[in-house]
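K.L.:
give me coordinates for this.
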Amino acid sequence: MQITYVLELLKPTKKKQNIFFNNIEQVTKNRQDIASKIKANETKLTSADFKGINLPSVVINQNIREVKSLYNRFKQSNSKKENIEFKPNQPICYNNQSYNIDRHIISIPLFHNGKCQRFAFPVKQTNRLQDLKEHIENDYKLAKGSLFYKNSKWYFAVTIKLENRENKGANIMGIDIGLRQLAVASVVNTEGKEINRQFHNGKKAGFIRKKYRFLRRKLGRAKRLEKINSINNKEQRWIRDLNHKISRQLVNLAVQEHVGTIVMENLKNIRKTAKSIKKADRNINSWAFYELQQFIEYKAKLAGIKIIYINPKYTSQRCSKCGKIEKGNRKGNLYSCNCGNRIHADLNASRNIAKKYLETICLDGNSLSA
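P.N.:
Numbers count the residues shown, from 1 in each chain. Predicted coordinates for the structure are as follows:
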């Protein structure tokens, strides 16, 4: 399994951009020459066969590998064209030994002033970069990298080789996603006994929502639509960053506690869950809840943890200790049952989510104790 991270470069200087463009021009010419030689049955090619090309040898050798693969597909397609044709804006590709990533700096070899030189350039520090760094720190293998130009911006794409990990942990994590607490996790063992928990408070997110709602209203009266779009994007970036952090902490806990399955509610009816929010904010919150689940699922799968979605019916009304369903038992953040169970309402829901899944896999079908 492979995953590719596309990282945007901070705007290079004009000098660097000219060097990039010159190397791209040479890559296009080199690839066309390689295709011509392959068509002429010259298959044992090395960088030494292309003396007139002003590129680092590692780039030429990578071009040979790329074009051979493309040529095989071209032949299988039974195209009526004489040979492969390459558009001018070709990426500059590298094997995993020829580029280097150090924090937010990427260095690559390029041809300049008659010789091969190494150039370093910074990339934007985004969540993509953070995820890539986590993979590198966890000893995942880097694969191909490529520099390319698109829509007046420069990018560097990095491919990571991922092993299909299998987590054999038997414990279950139930995650309740909501407004007051953005996420509450309960980790239970196969007997349904809780062994750990984690809370992610939504107070700061609520403050940010109110702040941007106030700004949108103010700008709306002034009819500054462009500014409204700008702050909407800013709010979404903030929420996206928060969701990345929450999902990382939840999956780290799952790995720590030998969790084999994470269980969450199916959020198709998330608008009902978010009915306490003003209508103007429901779309962004519906998207944010769903995005948080997607981040959890993505990170969990990388750790070999299975994801299960269940019907959310009664998870907030059911007592996680005795199993009684009573709507009035939940009052705000407190869940209180006649059996003596008095706990945080969202923790009660997350326990129920985990246990609901456990009940489906219990062979005897008996209720689980708290």
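
K.L.:
residue contacts, residue 219?
P.N.:
Counting by CB atoms under 8 Å, 6 or more residues apart in numbering, residue 219 touches 225, 227-228, 231. Using the backbone N, CA and C atoms, a C-beta is placed for each residue, glycine as well.

K.L.:
wasn't it part of a helix?
P.N.:
Yes - counting by DSSP: H, G, I helix; E, B strand; the rest coil, residue 219 is found in a helix.

K.L.:
pLDDT score for it?
P.N.:
Looking at residue 219, its pLDDT reads 80.

K.L.:
equivalent analysis for residue 366, please.
P.N.:
We note a pLDDT of 48 for residue 366 in this prediction.

K.L.:
if we can go back for a sec, can you tell me which of the contacts of residue 219 are buried?
P.N.:
The neighbour count (16 or more other CB atoms under 10 Å) marks residue 228 as buried among those.

K.L.:
quick check: beta-bridge partners of residue 261?
P.N.:
Taking DSSP bridges, one finds residue 172, residue 306 as the beta-bridge partners of residue 261.

K.L.:
where does the stretch 251-370 of the chain dip in pLDDT?
P.N.:
For the stretch 251-370 of the chain, the stretches flagged by pLDDT under 70 are 268-287, 363-370.

K.L.:
how about the helices in it?
P.N.:
270-273, 279-302, 345-361 (DSSP state H, counting those that start in this stretch).

K.L.:
re the thing from before, which one of the contacts of residue 219 sits closest to residue 171?
P.N.:
residue 231 (41.8 Å; CB to CB).

K.L.:
look at that closest one and tell me its secondary structure.
P.N.:
Looking at residue 231 with three-state DSSP, the answer is helix.

K.L.:
if I look at it, how far off is residue 166?
P.N.:
44 Å (CB to CB, to the nearest Å).

K.L.:
got it, and residue 3?
P.N.:
Distance from residue 3 to residue 166, by CB to CB: 18 Å.

K.L.:
what do you get for residue 306?
P.N.:
Residue 306 is 10 Å from residue 166, by CB to CB.

K.L.:
show me whatever sits in contact with both of the two.
P.N.:
Counting by CB under 8 Å, 6+ apart, nothing touches both residue 306 and residue 166.

K.L.:
who has more neighbours, those two?
P.N.:
residue 306 (16 against 9; other CB atoms under 10 Å).

K.L.:
show me what contacts the more buried one?
P.N.:
Per CB under 8 Å, 6+ apart, neighbours of residue 306: 167, 260-262, 300.

K.L.:
which SS state does residue 117 fall under?
P.N.:
strand.

K.L.:
beta partners of it?
P.N.:
If you apply DSSP bridges, the partners that residue 117 bridges to are residue 110.

K.L.:
might one say that it is in contact with residue 108?
P.N.:
No - Residue 117 is not in contact with residue 108 according to CB atoms under 8 Å; the separation is 10.0 Å.

K.L.:
so which of the two has more stuff around it?
P.N.:
residue 108 (22 against 12).

K.L.:
picking up where we left off before, the contacts of residue 219 in helices, which ones?
P.N.:
The helices, defined by DSSP state H, take in 225, 227-228, 231 from these.

K.L.:
and of the helices of the stretch 251-370 of the chain, who's closest to residue 49?
P.N.:
helix 279-302 (40.6 Å).

K.L.:
sorry, back to before: next, format the ones in helices among the contacts of residue 219 as a markdown table and append pLDDT and distance to residue 68.
P.N.:
Putting the ones in helices among the contacts of residue 219 into a markdown table (pLDDT from 0 to 100; distance: CB to CB, whole Å) gives the following:
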| residue | pLDDT | distance to residue 68 |
| --- | --- | --- |
| 225 | 78 | 52 |
| 227 | 78 | 52 |
| 228 | 76 | 51 |
| 231 | 77 | 50 |
